[in-house]
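Q: pasted the sequence and its predicted model underneath.
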Amino acid sequence: MSESEDNRIERDFFARDPEEQQAFLTQTWCDHCQAADLGMTDPIEYELKKTVFIEGRCCGCGEPVVTELTDENF
Ligand SMILES: [Zn+2]
């Protein structure tokens with residue numbers, strides 16, 4: 001039970017530039033569909049261990065999809 005290992009910082013996806021939001025919502029990879037760019041709905045954004053995650057649901061199958069952003073493209 002280590003809090004420091006798992007302290008997720010909520011971020012505001014909708015504070016991003018609209019064009020950027022659109023790009024994140026369309027440029028996805030779904031493990032379930034094994035296909036790229038199906039798109040996602042219901043995005044949430046958070047930071048964990050120096051990585052930003054944008055998590056939503058695949059437009060193709062409804063399974064969760066996650067996009068990871070490294071430091072370079074925050
Ligand atoms: Zn899918």
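A: On my side now, so go ahead.
Q: ranges for the strands of this structure?
A: Along the chain, the segments classed as strands by DSSP state E run 9-11, 29-30, 35-36, 40-48, 51-58, 64-69.
Q: in stretch 28-37, which residues are buried?
A: Within stretch 28-37, the residues that qualify as buried are 28-30, counting by 16 or more other CB atoms under 10 Å. For the C-beta atoms, the positions are set from N, CA and C on the backbone; glycine is no exception.
Q: ok, the residues you listed vs the ion, which is closest?
A: For the buried residues of stretch 28-37, the minimum distance to the ion (CB to the ion) is 3.3 Å, reached by C30.
Q: tell me, which of the buried residues of stretch 28-37 make contact with the ion?
A: Taking CB under 5 Å from the ion as the test, the ion is in contact with C30 out of the buried residues of stretch 28-37.
Q: now for stretch 9-22, what's the gap between its first and last residues?
A: 22 Å (CA to CA, to the nearest Å).
Q: what average pLDDT does it get?
A: The average of the pLDDT scores along stretch 9-22 is 97.
Q: what's the offset of it from the middle of its chain?
A: The chain centre lies 10 Å from the centre of stretch 9-22; the measure is CA atoms, centre = their mean, to the nearest Å.
Q: buried sites along that stretch?
A: Buried residues in stretch 9-22 (16+ other CB under 10 Å): 11, 13, 16, 21.
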